[in-house]
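In: need a structure here:
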Amino acid sequence: MLNRVILIGEDEHRITGKKRTRKGYIACCVKSHPFAGKDGYVFEHRLVVEQFTGHYLTAEYDVHHINGVKDNNRIENLEVLAHAEHTIKTHRGLKRTRSTRDKLSEKAKQRFRDKLNHPMFQQIPQEEMIDFYRKNGIVKTVEKYKVTKRVIYNRLHEWGVTLNNAK
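Out: Numbering: from 1, shown residues only. Modelled structure (predicted):
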């Protein structure tokens with residue numbers, strides 16, 4: 001799909017090799033790419049999108065193959081999605097055995113045991129949020145910090161703020 005030299009914004013990159021991964025994707029050896037793996041490879045579908053848009057994709061974005069064919073890297077078959085959106089789109093409706101679901105659940109629990117590892121975790125200044133919550137209530141606090149009510153309630157509980165005296 002790509003020429004040997006690609007342009008992403010102002011940066012020119014040389015593709016020195018290609019390989020097909022075990023999962024069926026095409027990976028290109030582009031050692032000068034800022035997001036290349038340790039082995040110097042970047043997925044071709046990411047390169048196609050980056051060349052088309054003129055900027056690099058950060059790790060928070062995934063490239064979805066619309067028709068499900070992993071080596072069909074034509075730009076009209078590719079869609080950029082936030083990682084969470086892509087996970088939902090790719091896995092919705094899949095039937096998994098109870099043991100598979102249990103394994104996935106256990107892995108997630110291990111990964112997120114430290115809440116700083118959770119992709120949705122954000123540091124919220126304690127005094128600032130408590131003060132804002134007391135003055136404006138839950139709805140405005142959710143809008144300001146772009147988190148769910150449950151996150152706000154959990155933080156208030158962690159910080160020992162009782163909801164009766166919070167507003």
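In: Spell out the residue ranges of the strands in the protein.
Out: Chain-ordered strands for the chain, with DSSP state E as the definition, fall at 5-8, 11-14, 17-20, 26-29, 41-43, 61-65, 78-82.
In: and Asp102, which of these is closest to it?
Out: Go through those one by one with C-beta to C-beta and the one that ends up closest to Asp102 is strand 61-65, at 25.4 Å. No exception for glycine: its C-beta is placed from N, CA and C like everyone else's.
In: Which parts of the protein are helices?
Out: If you assign secondary structure with DSSP state H, the helices in the chain sit at 44-53, 83-91, 98-111, 126-145, 149-158, 163-166.
In: that older thread, mind putting the strands of the chain in CSV, mean pLDDT and distance to Leu116 included?
Out: Supplementary listing: these in CSV, determined by pLDDT from 0 to 100; distance: least, C-beta to C-beta, whole Å:
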stretch, mean pLDDT, distance to Leu116
strand 5-8, 91, 31
strand 11-14, 94, 32
strand 17-20, 95, 35
strand 26-29, 96, 30
strand 41-43, 96, 28
strand 61-65, 95, 21
strand 78-82, 95, 20
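In: Not counting its neighbours along the chain, what's nearest Gly17?
Out: Spatial nearest neighbour of Gly17, chain neighbours left out: Cys29 (3.9 Å); criterion: C-beta to C-beta, 6 or more residues apart in numbering.
In: I figured the one you found hits Tyr41, correct?
Out: Yes. Between Cys29 and Tyr41 there is a contact at 5.5 Å, judged by C-beta atoms under 8 Å.
In: joint contacts of those two?
Out: Residues touching both Cys29 and Tyr41 comprise Lys19, with contact defined as C-beta atoms under 8 Å, 6 or more residues apart in numbering.
In: starting at the chain centroid, how far to stretch 56-69?
Out: Relative to the mean C-alpha coordinate of its chain, stretch 56-69 is positioned 10 Å out (C-alpha atoms, centre = their mean, to the nearest Å).
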